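Undergrad: Here is the input, now give the coordinates:
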Amino acid sequence: MTAVHPIISVRNLTCGYDDTIVVENVSFDIMPGEVFIILGGSGCGKSTLLKNMIGLYEPMAGQVLIDGRDLVTASGRERDEIIRRFGVMYQMGALFGSMSLLQNVMLPLEEFTDLPREAMTMIARSKLAMVNLEKALYKMPAALSGGMRKRAAIARAMALDPTILFLDEPGAGLDPISSAELDELVLSLSRALGITFVIVTHELESIYKTADRVIMLDKDVRTIVAQGDPRVLRDTSENIYVKRFFHRMPSQDAGTPRVDCAAE
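TA: Below you'll find the model as predicted:
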């Protein structure tokens with residue numbers, strides 16, 4: 001039997017801003033084809049961790065290995081080769097408003113390939129068809145719903161045929177129907193193409209529906225406090241923070257009104 005190696009390995013990663021540590025000394029592996037979710041409450045460092053994993057920020061310490069190659073220390077052509085292995089969908093989609101969907105999806109092809117124009121157009125059309133936007137090729141982002149813009153951003157992230165897709169809060173700002181449609185898209189792309197998804201979210205319905213495994217961050221301890229199947233964590237974890245998150249329990253002082261003693 002052939003051993004399956006992690007497609008992503010994070011080793012002893014510490015990251016933050018200036019001298020402020022947000023996430024400290026975290027290690028975990030992500031296997032090929034997994035839907036892997038990074039979750040936790042507001043301010044716990046989910047998006048900070050993701051931005052360090054994609055090389056947008058430089059970690060304070062540690063390694064991010066993509067197929068065994070260290071993104072943190074790589075430079076030049078090697079770094080470009082590693083980055084081309086993955087695509088990224090940012091929280092607000094980050095589509096260019098002055099370009100049609102087709103033009104938006106063609107951008108990575110224009111920047112990173114020497115393909116003929118006709119080939120780039122064909123590839124971009126096929127990616128938009130994968131996310132059910134084949135009838136919106138020439139529409140501008142402003143003319144689309146939030147869910148359509150998110151799907152278009154995923155199509156652009158797939159333009160170079162990455163094996164990994166990073167999605168930052170894909171359901172943010174979407175109505176329940178659009179969010180559910182996005183969940184179905186993630187599952188269908190994972191199953192049909194074997195894409196590995198790394199998703200930052202705190203939306204419980206999406207987590208239960210899509211995740212193979214999760215890690216949970218806690219801003220108070222600045223590290224991973226739980227990892228595994230989210231349903232198992234929900235039903236068995238004894239960690240009070242994990243229980244509060246999965247069961248939507250308020251903290252003990254959340255409902256206590258504050259009294260300004262000085263005003264008495």
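
Undergrad: For the residue lying closest to residue 197 once chain neighbours are set aside, grab the count of nearby residues.
TA: If the residues on either side of it in the chain are set aside, residue 197 comes closest to residue 35, at 4.6 Å by C-beta to C-beta, 6 or more residues apart in numbering. In short, each C-beta sits where N, CA and C put it, glycine included. Using other C-beta atoms under 10 Å, residue 35 has 25 other residues around it.

Undergrad: isn't residue 35 right up against residue 191?
TA: No. Counting by C-beta atoms under 8 Å, residue 35 does not reach residue 191; the two are 9.8 Å apart.

Undergrad: Could you break this structure into its assigned domains?
TA: According to automatic domain parsing, the chain comprises the domains 1-85+212-249, 97-162.

Undergrad: Tell me if I am right that residue 27 is in a strand.
TA: Yes. In this structure, residue 27 lies within a strand as judged by DSSP: H, G, I helix; E, B strand; the rest coil.

Undergrad: okay, now residue 218: neighbour count?
TA: Each residue near residue 218 was counted by other C-beta under 10 Å, and the total is 18.

Undergrad: Show me what it bridges to in the sheet.
TA: Per DSSP bridges, the residues bridged to residue 218 are residue 223.

Undergrad: wait, what's in contact with it?
TA: Neighbour list for residue 218: 40, 41, 44, 225, 241 [criterion: C-beta atoms under 8 Å, 6 or more residues apart in numbering].

Undergrad: which residue packs closest to the first one, ignoring adjacent ones?
TA: Okay, so that is residue 40. Using C-beta to C-beta, 6+ apart and skipping the chain neighbours, the partner closest in space to residue 40 is residue 217 (3.8 Å).
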